[in-house]
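**Q** based on what follows, work out the 3D shape:
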Amino acid sequence: MLLPTFMEEFSVSEEVATLTVSLFVCGYCVGPLLWGPLSEQYGRRPIFIVSFFIYMCFQIGCALSQNITSMLIFRFLGGTFAAAPLANSGALISDIWDAKQRGTALAVFTVAPFAGPGVGPVVSGYLVLAGVSWRWLFWILTIFAGVCWLQIVFTMPETYSPVLLAKRAKEIRKRTGDEKYHAATELQRITLSQRIENILARPFKVLFTEPMMIAITLYMSFVYGCIYLLFEAYPVVFTEGHNLNAGVSGLVFLPLPIGGFLAVATYILFFNPSYERKAQECAPNPVPPEFRLRVAMVSAPFLVISFFWFAWTSFPSVSIWAPMLSGGLLGWSICLIFVCRYNLRARLRLTTVLKLALINYIIDAYLAVAASALAIVTVVRSLFGAGFPVSEDNILPSIGSSFFAQLFATQMYDRLGPEWASSLLGFIALIMMPIPFVLSRYVSYKDLLYHVGLTLKRYGATLRFKSKYAPSGPPPSSSPA
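**A** From the prediction side, this is the model:
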């Protein structure tokens, strides 16, 4: 919505103005590769404090920019440092809460990514209507970032257990003078090259050596990209089709976060109690992570329905409420799918994460390297968000737009129309819907090769058993889900 203002202020083309959002997305692709592994080396708290403060400073730089070059540089660097919460928040939550309580905490956390796309267009739309300077957008972001940073500094302690144990050992040595007390991490002799490899290469190792991570990342990235590609249809359907102004057009995004809040309520009232009962049944053993996939198995079909609902109610002759309310079902289903990913926690402690169903699944299965896992998922997801972008005429204060807008989303909606373009997304979502169902089962290599053509020995519980990063005992004799 603010692109014309940038074009007029800096005398640049539409393509260059679009880069103000595209380069922010590029930062989201670079940042997680650093912040996730670094948090596993030095702890969560220092990474959050340093990265978010620098992000706030770059927002000030954007607000004061006098030319397009400085604006683009600050946007890229801002996105890089703003990626730390995406890569590490799920891992931090897994540090604090155990498997029984983590689902509820992650359910609440997962609403945040949907609140931004829902509230952001309202703010930017009415800024345009008010005729205030575009710089106020970045001053608002600066104020918000500053408040968040102060909360991090004064309320967030260190939560990563290896770092806490190292600090504890150091305190005991200082107090007693006995040098025999050491944490396990202090006894590791890691060269500089090994440390760099752990920081930069680990996320890619987790992704490319873990078949279930590949499947989950692919599904989550598609879903994430579709959210923002679908936003291409909103100005076509509501602004053009129903003749809404910029401010009111932003209000049609509100069903997305509302659906997210309803997803949290659904998870807390229905899914989490069943998980707690399962935890009691499995005690003292952990609940198989595949049990988390039930959430995605329930919500995935509704994701498909929401795309078709929006597609075939987007005619100008249909009430505006019909396509707008489809966003509620979309937000509900996506939020639940993401939560499943974060709860994938196994006996090995991984620190990478993805959202409700699949997020829970990944944390449960990869607890010790959760941050690295979440980092690479965030990178791939952002790449999909960059490749499945919004229109250059509707820049949202989110990370879903890129320079490929003119090549992909805009042309698709221009040529197919919102009905068939959104239906195409629905069909693709339908094709990918079986992924959580497949991961909830385990079959032999020959069966999988015969039916799917993949060179994998096992999937679901058996993939975890074979995993280098998520050893969790032998697979059960029947599906845990």
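**Q** most distant residue from the middle of this protein?
**A** G177 (45.8 Å; Cα atoms, centre = their mean).
**Q** can you tell me which residues contact that one?
**A** Neighbouring residues of G177 by Cβ atoms under 8 Å, 6 or more residues apart in numbering: there are none. Just so you know, the C-beta spots here come from the backbone N, C-alpha and C atoms, and that holds for glycine as well.
**Q** pLDDT on whichever helix or strand L262 is part of, on average?
**A** In this assignment (DSSP states H and E), L262 forms part of helix 255-266. Helix 255-266 carries an average pLDDT of 88.
**Q** residues of the very next helix or strand once past it that come out buried?
**A** The helix or strand immediately downstream of helix 255-266 is helix 272-282, counting by DSSP H and E. For helix 272-282, a neighbour-count test (16 or more other Cβ atoms under 10 Å) marks 272, 275-276, 278-279 as buried.
**Q** mind putting these in CSV, distance to S11 included?
**A** Below are those laid out as CSV (distance: Cβ to Cβ, whole Å):
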residue, distance to S11
N272, 54
Y275, 57
E276, 60
K278, 61
A279, 61
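**Q** pLDDT and distance to I227 added to these, as JSON lines?
**A** Formatted as JSON lines, those follow (pLDDT from 0 to 100; distance: Cβ to Cβ, whole Å):
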{"residue": "N272", "pLDDT": "83", "distance to I227": "24"}
{"residue": "Y275", "pLDDT": "81", "distance to I227": "26"}
{"residue": "E276", "pLDDT": "83", "distance to I227": "30"}
{"residue": "K278", "pLDDT": "85", "distance to I227": "30"}
{"residue": "A279", "pLDDT": "82", "distance to I227": "32"}
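**Q** which one of the residues you listed is nearest C335?
**A** Comparing the buried residues of helix 272-282 against C335 with Cβ to Cβ picks out N272 as the nearest, at 14.0 Å.
**Q** so which elements touch the top helix by length along the chain?
**A** Counting by DSSP state H, the longest helix found in the chain is helix 14-42. Contact here means 3 or more Cβ pairs under 8 Å, 6 or more residues apart in numbering; DSSP states H and E; on that basis helix 14-42 packs against helix 3-10, helix 44-64, helix 68-82, helix 84-96, helix 192-200, helix 202-208, helix 370-387.
**Q** confidence-wise, which of the ones you listed is weakest overall?
**A** helix 370-387 (a mean of 58).
**Q** about what we covered before: centre of the chain to the helix holding L262, how far?
**A** On the basis of Cα atoms, centre = their mean, to the nearest Å, helix 255-266 sits 16 Å off its chain's mean C-alpha point.
**Q** now do stretch 267-280
**A** Offset of stretch 267-280 from its chain centre (Cα atoms, centre = their mean): 23 Å.
**Q** try stretch 105-125
**A** Computed by Cα atoms, centre = their mean, the chain-centroid distance of stretch 105-125 equals 12 Å.
**Q** relative to helix 84-96, how tilted is the longest helix of the chain?
**A** Relative orientation of helix 14-42 versus helix 84-96 (axes from the mean of the first three to the mean of the last three Cα atoms, to 10 degrees): 30 degrees.
**Q** quick check: mean pLDDT across helix 14-42?
**A** Helix 14-42 shows a mean pLDDT of 79.
**Q** what's the answer for stretch 173-191, then?
**A** 80.
**Q** how long is that stretch end to end?
**A** Stretch 173-191 has an end-to-end distance of 24 Å (Cα to Cα, to the nearest Å).
**Q** returning to what we had before: list the buried residues in the helix holding L262.
**A** Across helix 255-266, burial judged by 16+ other Cβ under 10 Å covers 255-264, 266.
**Q** state the distance from the residue farthest from the centre of the chain to T80.
**A** To T80, G177 is 44 Å away according to Cβ to Cβ, to the nearest Å.
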